[in-house]
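Engineer: only geometry, no sequence info:
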Ligand SMILES: [Zn+2]
């Protein structure tokens, strides 16, 4: 039995949720699960269809993006995951999809405005869209630099990765994360739903305004923080 089996299973289960939730087609998307003590994460192999995946096919990679165990090549986005794990000590999983609505916002290079309480249940701010990457970053170590583009965007906006677990990368697509791989995928699905609601809101009423602060606060605090009372 591999000492990495627990993260291989977690990564496998989380990856298999992406097509089930309608967040990916074909071989799009990738999820990883980390083991901090071992200093490695398990990630989907590159270009393998979902119905051919198994826990044993998840590739074990270190925080520099080098394969530690596995015969398959890891996801082409592996270095983005590695950079985020290296710098964000408290995340346990990362998910990347090209889900339609969130990607449409990314391609439009727009943050998703906080229009309603569904958004506020999860986040208190607009979902930021990192600027498209510079030619230098694209021509350099592209996937590695994508990780820095994400971190720099949050830093410039004064946002913490522990509070906001989702971002759009301009011209590309969303990345989400969380304490576990399962939570990262949950965040991918939440983001897609928020993105879809936001575009419909703008279509129905192009002048629709942002949710007022009192409702943002009320909804976020119902679910999070010391006085939360949502759920059992
Ligand atoms: Zn991508």
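Structural biologist: Yes, it's here. Everything numeric in this text was worked out from a predicted model, so none of it was measured.
Engineer: Point to the residue nearest the middle of the chain.
Structural biologist: residue 176 (1.3 Å; CA atoms, centre = their mean).
Engineer: could you give me the average pLDDT of the helix or strand where that one lies?
Structural biologist: Residue 176 is part of strand 174-178 when elements are defined by DSSP states H and E. Average pLDDT, strand 174-178: 98.
Engineer: hang on, the earlier thing: tell me how far the residue nearest to the centre of the chain lies from residue 164.
Structural biologist: 10 Å (CB to CB, to the nearest Å). C-beta here means a position set from N, CA and C on the backbone, and glycine is covered the same way.
Engineer: who does the residue nearest to the centre of the chain bridge with?
Structural biologist: residue 95, residue 166 (DSSP bridges).
Engineer: Mind jotting down where the helices sit in this structure?
Structural biologist: Listed in chain order, the helices of the chain (DSSP state H) span 5-20, 78-87, 100-107, 117-122, 135-139, 142-156, 181-204, 213-223.
Engineer: how far does the longest one sit from the chain's center?
Structural biologist: What it means is helix 181-204. 12 Å (CA atoms, centre = their mean, to the nearest Å).
Engineer: Just the buried residues of that helix, please?
Structural biologist: 181-198 (16 or more other CB atoms under 10 Å).
Engineer: Report the inter-axis angle for that helix versus helix 5-20.
Structural biologist: Put simply, helix 181-204 runs at 20 degrees to helix 5-20, going by axes from the mean of the first three to the mean of the last three CA atoms, to 10 degrees.
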